[in-house]
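A.B. asks: Fold the stuff below for me.
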Amino acid sequence: MSRALVVTEHGDRSVLAVRDVEIPAPAPDQVQVRVAAAGVNFIDVYKRQGVYPQNTPFTLGEEGAGVVEQVGSAVTDVAVGDRVAWGQSPGSAAELVNLPAALVVPVPDGLDLDVAAAAMLQGMTAHYLVNSTWPVKEGEIALVHAAAGGVGQLLVQLITAKGATVVATAGTSDKLAIARGLGAAHTIDYTGLSADDLSAAVRSAAGRGVDVAYDGVGKATFDASLKSLRPRGMGVLFGGASGQVPPFDLQRLNQLGSLFVTRPSLGAYLQTREELLWRARDILGALADGSLKLQIGGEYPLTDAVSAYEALEGRATTGKLILTF
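C.D. replies: Just a heads-up that it's a prediction; the model follows:
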């Protein structure tokens, strides 16, 4: 048996419960891992609410890190005792999990398992956004909304490391200070600003329209993101912390300068084992050698998971939240 965070039915945070669940022996292609920590992410909220529907009850969580306790009979490249991390593996918020061996990656020596757990989804998301969705180049200007959040902090660092300029937004002076400390050249408090006022502030700070807008906030910032772009710039909508963006007239992209818009997901950028290892090794390796910093904004025991999601959904956090076991 394993204690797990279970969604009993679709709904608000009251549907979350810690329950004992049966964990069988791993299948031939699986590994069984004793979980040290699991990440807290907005995709968990979408699944709990039914935005991404699945049958209930189910165990929440998509990412984590821990130590391998058993390996399936067909597994040859993972061994008992290995420290591993993973992302995009449903059911990760549990003490013990069975995972496809093809989805776990090694955790570098010297990197805490808590940090590895916190880095997988948000780290690989930031990696694909700046290396694949819009490959950021030296001299470009990028808008990053919610720049003090988990993905936002990593985006700021990865973009500036490529020699590009970041215009960062956030909702408090403390959060803006975090973004500046990570390398953002310009910071804007977007509290209460209309789309026109926010985009005007972005263009004033940048001196022109930005090349790319990375928007994980969604409904509250999407219009401003489009209006902040230069002609043929790209709006990258990768989340909806403020709510989902409603359908809109594609003719607006023409009117605003032949813009591009994409709604990417991590799974589409992890099509092969090689791609997974590339992204994970880049992120975990940079964290291990200190060239990339990740802030854990809160650690919650499994029994207090409701508080973790309350903080996440209230957008009252900086950095990454994790559940610990």
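A.B. asks: ranges for the helices of the stretch 1-150 of the chain?
C.D. replies: For the stretch 1-150 of the chain, the helices defined by DSSP state H, counting those that start in this stretch occupy 42-49, 113-128, 150-161.
A.B. asks: Can you check which of those helices gets nearest to residue 27?
C.D. replies: In terms of C-beta to C-beta, the element of these nearest to residue 27 is helix 113-128, at 21.9 Å. In short, each C-beta sits where N, CA and C put it, glycine included.
A.B. asks: Find the residue at the geometric middle of this protein.
C.D. replies: In the chain, the C-alpha nearest the mean C-alpha coordinate belongs to residue 122, at 2.8 Å (C-alpha atoms, centre = their mean).
A.B. asks: Isn't that one up against residue 146?
C.D. replies: No. Between residue 122 and residue 146 there is no contact under C-beta atoms under 8 Å: 11.7 Å.
A.B. asks: who's in contact with the closest residue to residue 22 other than its chain neighbours?
C.D. replies: In space, and not counting its chain neighbours, residue 22 is closest to residue 1: 6.2 Å by C-beta to C-beta, 6 or more residues apart in numbering. With contacts defined as C-beta atoms under 8 Å, 6 or more residues apart in numbering, the neighbours of residue 1 are 20, 21, 22, 23.
A.B. asks: So for residue 1, what's the pLDDT?
C.D. replies: The model reports residue 1 with a pLDDT of 90.
A.B. asks: And for residue 263?
C.D. replies: According to the model, residue 263 scores 97 on pLDDT.
A.B. asks: That one and residue 6, how far apart?
C.D. replies: In this view, residue 263 and residue 6 are 29 Å apart by C-beta to C-beta, to the nearest Å.
A.B. asks: Settle it for me: which of the two has more neighbours?
C.D. replies: For the pair residue 263 and residue 6, the greater number of neighbours falls to residue 6 (20 against 12), based on other C-beta atoms under 10 Å.
A.B. asks: hey, what's that one bridged with?
C.D. replies: Beta-bridge pairing for residue 6 (DSSP bridges): residue 17, residue 59.
A.B. asks: coming back round to it: for the residue nearest to residue 22, give its distance to residue 96.
C.D. replies: The gap separating residue 1 from residue 96 is 8 Å, by C-beta to C-beta.
A.B. asks: hey, what's in contact with both of these two?
C.D. replies: With C-beta under 8 Å, 6+ apart as the test, residue 1 and residue 96 both reach residue 23.
A.B. asks: coming back round to it: including distance to residue 33 and mean pLDDT, could the helices of the stretch 1-150 of the chain go into TSV?
C.D. replies: What follows is these, written out as TSV (distance: least, C-beta to C-beta, whole Å; pLDDT from 0 to 100):
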stretch	distance to residue 33	mean pLDDT
helix 42-49	19	93
helix 113-128	10	97
helix 150-161	22	96
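A.B. asks: need the ones you listed in CSV with distance to residue 209, can you?
C.D. replies: Converted to CSV, those look like this (distance: least, C-beta to C-beta, whole Å):
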stretch, distance to residue 209
helix 42-49, 28
helix 113-128, 23
helix 150-161, 16
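A.B. asks: Now do the same contact list for the residue nearest to the centre of the chain.
C.D. replies: By C-beta under 8 Å, 6+ apart, the contact list for residue 122 reads 39, 41, 150, 151, 154, 320.
A.B. asks: Mind putting these into JSON lines with distance to residue 192 and neighbour count?
C.D. replies: Formatted as JSON lines, the contacts of residue 122 follow (distance: C-beta to C-beta, whole Å; neighbours: other C-beta atoms under 10 Å):
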{"residue": "39", "distance to residue 192": "31", "neighbour count": "29"}
{"residue": "41", "distance to residue 192": "27", "neighbour count": "26"}
{"residue": "150", "distance to residue 192": "24", "neighbour count": "30"}
{"residue": "151", "distance to residue 192": "23", "neighbour count": "25"}
{"residue": "154", "distance to residue 192": "27", "neighbour count": "30"}
{"residue": "320", "distance to residue 192": "27", "neighbour count": "28"}
